[in-house]
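[1] next come a sequence and a model predicted from it.
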Amino acid sequence: MDRYQFEDLISDYIENSLSLSQRKAFDAYLVSHPEAQDEVNSLRDTMMTMKNMNDVKTSHAFMSKLKSRIAQENIQSVLTQKQEKTFFGFTPLYASIFSLMVIALVFTGIQFVPNDPNVNPTRNMQSHMAEQTTNSPVKYQAPIERTSSDMLAEAPEDSLIDDSQPLRNNTNFNDGIQLVKNPR
Amino acid sequence: MVKEYIYTDEELIARFQQGDEQAYVELVNRYRNRLMAFVYRYVNDMTQAEDIVQDTMVKLYTHRHFYKEIAKFSTWIYTIAGNLAKTELRKKKRRKVTSLSQMGTDDKDYDLPAVFQESDTEIQGQFTEQRLQAAIQELPLHFRTVVIMRDIQELSYEEISRIVDVPLGTVKSRINRARLQLQKALKEYR
């Protein structure tokens, strides 16, 4: 056993909680180190002094003070319970926050609805169509069969053709290509 | 010395949880001085110690339904008191305020034993106790808690282990180290 082992086991030795082999080893250390015995005695004295330290007691006013504190706690808990009333499952705080949020949402939604009907083309068109339907109802008319000659007769003259210039007749292409002999 | 009671602490807290306020008063009477001794040795200030014990008892009242029968009542109440004391010490450390007067100026009267016709041995005993109390304050908090619980409050190692939530071996080791430090501190004055 060395010094460190001795110090580790000193409390167990005083409290008599060492195993037999450990106790033997400890006793052997005490025999070989007389100053160690003084240390054991000194530690035992310290423990005794601690054990015999004067009792400290609470003051005489302890109970009355405690009772008043508990009465305060009870009042506070009753107040807290009162405050814990809920509106539709929400605490007053959350209920007011939620209400404000709903109001804000509705207000913001109203801002998106325009007051001028011209701003909304879809709505304008719809109202216009509704007007036509009520004022001049559309009557069904059978389609008129028309020939192509009728349609040509009705066609306007082509303004792109210049009537002052005679048209070139380039329909003869026989002279277009001539074979040329090689002069060499 | 362990007193014999009709009801155990656990039975009393059970009755209190069912609404019996008299059981609460009985628990307060059983523990107020024990906790006072523990907390005073821990914080070294009578006024502060009594406030902490008051807080512990108020917590016992308001948090009575938090106690479950799986633990001993004493373990539970010591844990509450220990945590409050630790918090108070941390606050004190932050504030860095040194109280010159331990008793304060209020008219509170504490049951410290009256000393009449002090003999030399008694004076020597008081001196040693003062030195010991000062030496306890020098210990690190994790040493201080366990050594007070073991050597002043005489709690078992197992109970201390449960209160501080540290393995039994560690508790034993801490107590041993704390005792050696205290012994060393006292030796300087002897």
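    Alright, I've got the coordinates. Residues are numbered from 1 along each chain as shown, chains lettered A, B, ... in the order given.

[2] packing partners of the helix or strand of chain B with the lowest mean pLDDT?
    Every helix and strand in chain B was compared by mean pLDDT, DSSP states H and E; the lowest is helix B:120-138, with a mean of 84. If you count contacts as 3 or more Cβ pairs under 8 Å, 6 or more residues apart in numbering or on different chains; DSSP states H and E, helix B:120-138 packs onto helix A:34-51, helix B:141-147, helix B:168-187. No exception for glycine: its C-beta is placed from N, CA and C like everyone else's.

[3] next one: the helix or strand following the shortest one to chain centre, how far?
    Scanning forward in sequence from helix B:141-147 by DSSP states H and E, the next helix or strand is helix B:157-164. If you compare the mean C-alpha spot of helix B:157-164 with that of the full chain, they lie 14 Å apart, counting by Cα atoms, centre = their mean, to the nearest Å.

[4] so where's chain A shaky on pLDDT?
    For chain A, residues meeting the criterion pLDDT under 70 lie at A:81-87, A:116-184.

[5] if we use 80, what do you get?
    Where chain A drops to pLDDT under 80, the residues are A:75-92, A:114-184.

[6] closest residue of it to chain B?
    residue A:57 (3.6 Å; Cβ to the nearest Cβ).

[7] from memory that residue sits against residue B:33, does it?
    Yes - with contact defined as Cβ atoms under 8 Å, residue A:57 and residue B:33 form a contacting pair (4.8 Å).

[8] what's the helix of greatest length in chain A packed up against?
    The single longest helix within chain A, with elements called by DSSP state H, is helix A:62-83. Packed against helix A:62-83 by the contact rule (3+ Cβ pairs under 8 Å, 6+ apart) you find helix B:21-43, helix B:46-62.

[9] what's the following helix or strand past the shortest one in contact with?
    Sequence-wise, the next helix or strand beyond helix B:46-62 is helix B:73-95, with elements assigned using DSSP H and E. With contacts defined as Cβ atoms under 8 Å, 6 or more residues apart in numbering or on different chains, helix B:73-95 is touched by B:9-10, B:12-13, B:27, B:31, B:35, B:38-39, B:42-43, B:48-49, B:51-53, B:55-56, B:59-60, B:67, B:141, B:145, B:149, B:155, B:159, B:162-164.

[10] related to what we said a few turns ago, if you compare the helices and strands packed on helix B:120-138, which one is most tucked away?
    Mean neighbour counts were compared across the helices and strands packed on helix B:120-138 using mean count of other Cβ atoms under 10 Å in any protein chain shown; the top stretch is helix B:141-147, at a mean of 21.

[11] sorry, back to before: weed out the non-buried ones from the contacts of helix B:73-95.
    Among the contacts of helix B:73-95, those classed as buried by 16 or more other Cβ atoms under 10 Å in any protein chain shown are B:9, B:12-13, B:27, B:31, B:35, B:38-39, B:42-43, B:48-49, B:51-53, B:55-56, B:59-60, B:67, B:145, B:149, B:155, B:159, B:162-164.

[12] contacts for the longest helix of chain A next, please.
    So helix A:62-83 is contacted by A:92, B:28, B:32, B:50, B:53, B:54, B:57, B:58, B:61, B:62 (Cβ under 8 Å, 6+ apart).

[13] burial check on the residue of chain A closest to chain B, number of neighbours?
    By other Cβ atoms under 10 Å in any protein chain shown, the residues close to residue A:57 number 18.

[14] among the buried ones among the contacts of helix B:73-95, which are in reach of chain A?
    Contacts with chain A within these, counted by Cβ under 8 Å from any Cβ of the partner chain: B:49, B:53.

[15] which one is the most centrally placed residue in chain B nearest to, not counting chain neighbours?
    Chain B has residue B:38 as the residue nearest its centroid, 1.3 Å off, counting by Cα atoms, centre = their mean. Once flanking residues are discounted, residue B:38 sits nearest to residue B:153: 5.5 Å by Cβ to Cβ, 6 or more residues apart in numbering or on different chains.

[16] residue B:39 too?
    Nearest non-adjacent residue to residue B:39, counting by Cβ to Cβ, 6+ apart: residue B:49, 4.3 Å away.

[17] give me every residue that touches the one you found.
    Applying Cβ under 8 Å, 6+ apart, the residues near residue B:49 are A:56, B:36, B:39, B:40, B:42, B:43, B:85.

[18] tell me, how many residues neighbour the nearest residue to the fifth one once chain neighbours are set aside?
    Of all residues beyond its chain neighbours, the one nearest residue B:42 is residue B:85 (4.8 Å), with distances taken as Cβ to Cβ, 6+ apart. Neighbour count for residue B:85, taken as other Cβ under 10 Å: 27.

[19] where does chain B dip in pLDDT?
    For chain B, residues meeting the criterion pLDDT under 80 lie at B:1-5, B:70, B:92-126, B:188-190.

[20] hang on, residue A:47 packs against residue A:40?
    No - Residue A:47 is not in contact with residue A:40 according to Cβ under 8 Å; the separation is 10.8 Å.

[21] got any residues that touch both of the two?
    Joint contacts of residue A:47 and residue A:40 (Cβ under 8 Å, 6+ apart) are residue A:14.

[22] picking up where we left off before, what about the helices and strands packed on helix A:62-83, which gets the closest to residue A:98?
    Nearest to residue A:98 among the helices and strands packed on helix A:62-83 is helix B:46-62 (31.1 Å), distances taken as Cβ to Cβ.

[23] and the closest one, C-alpha only, in PDB?
    The C-alpha trace of helix B:46-62 is given here as PDB (Å, rounded to 0.1, in the frame of the first residue of the first chain):
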ATOM      1  CA  MET B  46     -28.500  32.600   8.700                       C
ATOM      2  CA  THR B  47     -30.900  35.000   7.000                       C
ATOM      3  CA  GLN B  48     -30.200  33.500   3.600                       C
ATOM      4  CA  ALA B  49     -30.500  30.000   4.900                       C
ATOM      5  CA  GLU B  50     -33.900  30.700   6.500                       C
ATOM      6  CA  ASP B  51     -35.100  32.200   3.200                       C
ATOM      7  CA  ILE B  52     -34.000  29.200   1.300                       C
ATOM      8  CA  VAL B  53     -35.700  26.800   3.800                       C
ATOM      9  CA  GLN B  54     -38.900  29.000   3.500                       C
ATOM     10  CA  ASP B  55     -38.600  28.700  -0.300                       C
ATOM     11  CA  THR B  56     -38.200  24.900   0.000                       C
ATOM     12  CA  MET B  57     -41.300  24.700   2.200                       C
ATOM     13  CA  VAL B  58     -43.300  26.900  -0.200                       C
ATOM     14  CA  LYS B  59     -42.200  24.700  -3.100                       C
ATOM     15  CA  LEU B  60     -43.200  21.600  -1.100                       C
ATOM     16  CA  TYR B  61     -46.700  23.200  -0.800                       C
ATOM     17  CA  THR B  62     -47.100  24.300  -4.400                       C
END
